[in-house]
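**Student:** below are the sequence and a predicted model for it; my questions follow.
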Amino acid sequence: MPEFDDVLDARRRPTVVSGPGYRVSGARHNRGRRDLGVTRLVTGIGIAVAVAVTSATSLSAYAAYDVGHGFQQRAVDVGGGAASTDGAFNVLAIGADNDPDQGTAYGDRGATLNDSNVLLHVSADHTSAVAVSFPRDLVVDQPACGGEPAVTDAPINLAYGRGGMDCVVKTVEHVTGMDIPYAAQVSFQGVIRMSDAVGGVPVCVTDAVDDPYTGLQLSAGEHTVSGKTALAFLRDRHGVGDGSDLSRISSLQQFLSSLLRKVKGDGTLSNPTKLYGLAKSASKNVTLSTSLAKPSTMVDMAGAFEGIGLGDITFVQYPGSVDDPAFPGKVVPDQTTADRLMRAVRTDRPFRLDAGATGRGATDAAADAGSGSGSGSGADQTADAGGADDASRASRQDAAGAAAAPEADPTATTKPQEMSGVTGQTAKQKTCAVAAG
């Protein structure tokens, strides 16, 4: 692909938020809310699409070289784990707010923030994938990185300001206990350009949305959003669900699922012309880790991801609550549920979401789109989530801070584990954003 428009120096450290933003140690303190912005074009898009475009069976030798050369010119070194697509592998997709390319069009937060963090895990047998979204305000401990000391009780979206992409990767590794050798980053402008490149993404809302904070205006029902409207849909907080960042994650999952259905259903991945055009746009707007920017890695990863069915790609939210009075406006991990979820992912154990567990800001589209009821379809959710989660896989490490009990043998049982308290959907499942009441 051609060169990136946005040059991100891997060693440049944006302004670090300090003082009341987080502490190096000690008890938890309140954190201020940030109402603007989160980039929500992630994993299944910037990776599944941009990665697939380099397949030698789909593109000419020149196009493959062009794609790889463009990504490599802006690649960033991250992580320290062994990079291989043999067996299970993990990719972290980062949505950056206040990226240098963004300018001041969406406000100035004083630092670049990793406002969207999605960990994609592809199973060891390459038959399924799980994407875990981490709320931007999730309060976590973060390791030393970027020349900065370790911190406790810091919102996860401060990691980028402490040391760029590498610090975000190390923080998510610390939280999950999983090696992450691959990463990708996209800015606000990247969301706009990539959504334009695919010709828009179908989404729906249960009732009319008119949010002056993001400028999103949608009537009830289905819409194909692109450009700034797509960005507004993904950033919208006040117009959907309960106004929390957790509701916004539901919109992200709807968007990504719909986009995957589109690119798999309209022949994009098998059409060299469409594929190359999409790849060129990705190369200008997606920053990859050095490990991922290698053409051979892209081809291998594309082959692994291409064969996974929509029903076997599951999006889940890292469990947490916004109701902790010690952290108003922040998300405090539900550590027991989180440990159970990540243990299932690490050990490739199938799991099943609760009926109707589409999250705070989504509902089953077939049953509720346009009705304003805001209630999910339990039967559909259970069928889709169970089918996808049965194939969940991940690396074998112990989670940071997880219980010392031995990990389960993934071959010991094929019965899905009930995963109460976890929300999400599959890429096959059609959901609808619940308009704020």
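**Tutor:** Received, thanks.

**Student:** from now on I want contacts and neighbour counts done on CA atoms only, so please keep to that.
**Tutor:** Fine.

**Student:** okay, and His69 sits in which element?
**Tutor:** Applying DSSP states H and E as the criterion places His69 in helix 61-73.

**Student:** distance of the closest residue to Leu218 other than its chain neighbours from Ile192?
**Tutor:** By the measure of CA to CA, 6 or more residues apart in numbering, the closest residue to Leu218 outside its immediate chain neighbours is Val209, 5.1 Å from it. With distances taken as CA to CA, to the nearest Å, Val209 is found 20 Å from Ile192.

**Student:** how near is the nearest residue to Pro333 once chain neighbours are set aside to Pro135?
**Tutor:** Once flanking residues are discounted, Pro333 sits nearest to Gly320: 4.0 Å by CA to CA, 6+ apart. With distances defined as CA to CA, the gap from Gly320 to Pro135 amounts to 8 Å.

**Student:** next one: Val91
**Tutor:** The gap separating Val91 from Pro135 is 17 Å, by CA to CA.

**Student:** looking at these two, which is more packed in?
**Tutor:** Using other CA atoms under 10 Å as the criterion, Val91 and Pro135 rank with Pro135 on top: 28 against 22.

**Student:** so the more buried one sits against Ser116, correct?
**Tutor:** Yes - proximity of Pro135 to Ser116 meets the contact threshold set by CA atoms under 8 Å, at 7.2 Å.

**Student:** what's the longest helix in the protein?
**Tutor:** helix 245-265 (DSSP state H).

**Student:** and the next helix or strand past the helix or strand of the chain with the lowest mean pLDDT?
**Tutor:** Lowest on mean pLDDT, DSSP states H and E among the helices and strands of the chain sits helix 378-389, with a mean of 34. The first helix or strand that comes after helix 378-389 along the chain, using DSSP H and E, is strand 417-419.

**Student:** pLDDT on that following strand, on average?
**Tutor:** Per-residue pLDDT values over strand 417-419 give a mean of 92.

**Student:** got it, and stretch 233-249?
**Tutor:** Averaged across stretch 233-249, the pLDDT comes to 88.

**Student:** got a list of contacts for that stretch?
**Tutor:** Where contact means CA atoms under 8 Å, 6 or more residues apart in numbering, the residues beyond stretch 233-249 that reach it are 35-40, 133, 135-137, 209-211, 213-214, 216, 251-252, 255, 317, 322, 359-362, 433-437.

**Student:** please flag which of those residues sit within helices.
**Tutor:** Where the contacts of stretch 233-249 overlap with helices, as defined by DSSP H, the overlap consists of 251-252, 255.

**Student:** closest to Gly147 out of the residues you listed?
**Tutor:** Comparing the ones in helices among the contacts of stretch 233-249 against Gly147 with CA to CA places Leu252 closest, at 32.4 Å.

**Student:** the closest one: neighbour count?
**Tutor:** In terms of burial, Leu252 registers 26 neighbours under the definition other CA under 10 Å.

**Student:** before we move on, what's the pLDDT of it?
**Tutor:** Reported pLDDT at Leu252 in the predicted model: 92.

**Student:** same question, Ser395
**Tutor:** Looking at Ser395, its pLDDT stands at 31.

**Student:** now swap in Ala355 and tell me
**Tutor:** What the model reports for Ala355 is a pLDDT of 85.

**Student:** give me the three-state assignment for it.
**Tutor:** Assigned with DSSP: H, G, I helix; E, B strand; the rest coil, Ala355 falls in the coil class.

**Student:** what about it, distance to Val118?
**Tutor:** In this structure, Ala355 and Val118 are 23 Å apart, going by CA to CA.

**Student:** which one of those two has more residues nearby?
**Tutor:** A count of neighbours by other CA under 10 Å puts Val118 above the other of Ala355 and Val118, at 27 against 19.

**Student:** from Pro135, how far out is the more buried one?
**Tutor:** Using CA to CA, we find Val118 at a distance of 9 Å from Pro135.

**Student:** for Gly267, same thing?
**Tutor:** The gap separating Gly267 from Pro135 is 33 Å, by CA to CA.

**Student:** with Met194 instead?
**Tutor:** Met194 sits 23 Å away from Pro135, taking CA to CA as the criterion.

**Student:** low-confidence bits of the stretch 51-200 of the chain, can you list those?
**Tutor:** For the stretch 51-200 of the chain, the stretches flagged by pLDDT under 70 are 51-65, 67, 80-81, 98-110.

**Student:** could I get the full set of helices for it?
**Tutor:** Using DSSP state H, counting those that start in this stretch, the helices of the stretch 51-200 of the chain run over residues 61-73, 159-176, 188-197.

**Student:** nearest residue to the residue nearest the centre of the chain other than its sequence neighbours?
**Tutor:** Among the residues of the chain, Val118 comes closest to the average C-alpha position under CA atoms, centre = their mean, at 2.8 Å. Counting by CA to CA, 6+ apart, the nearest residue to Val118 once its immediate chain neighbours are dropped is Ser133, at 4.4 Å.

**Student:** now the one you found: how far from Arg261?
**Tutor:** On the measure of CA to CA, Ser133 and Arg261 end up 19 Å apart.

**Student:** give me the more crowded residue out of the two.
**Tutor:** Between Ser133 and Arg261, counting by other CA under 10 Å, Ser133 is the more crowded of the two (26 against 19).

**Student:** surely the more buried one and Val316 touch.
**Tutor:** Yes - under the criterion of CA under 8 Å, Ser133 makes contact with Val316 at 6.2 Å.

**Student:** gap between the two ends of stretch 117-137?
**Tutor:** Terminal residues of stretch 117-137 are spaced 11 Å apart (CA to CA).

**Student:** now stretch 422-432
**Tutor:** The separation between the terminal residues of stretch 422-432, taken as CA to CA, is 18 Å.

**Student:** now swap in stretch 117-127 and tell me
**Tutor:** For stretch 117-127, the end-to-end distance is 23 Å (CA to CA).

**Student:** great, nothing more from me.
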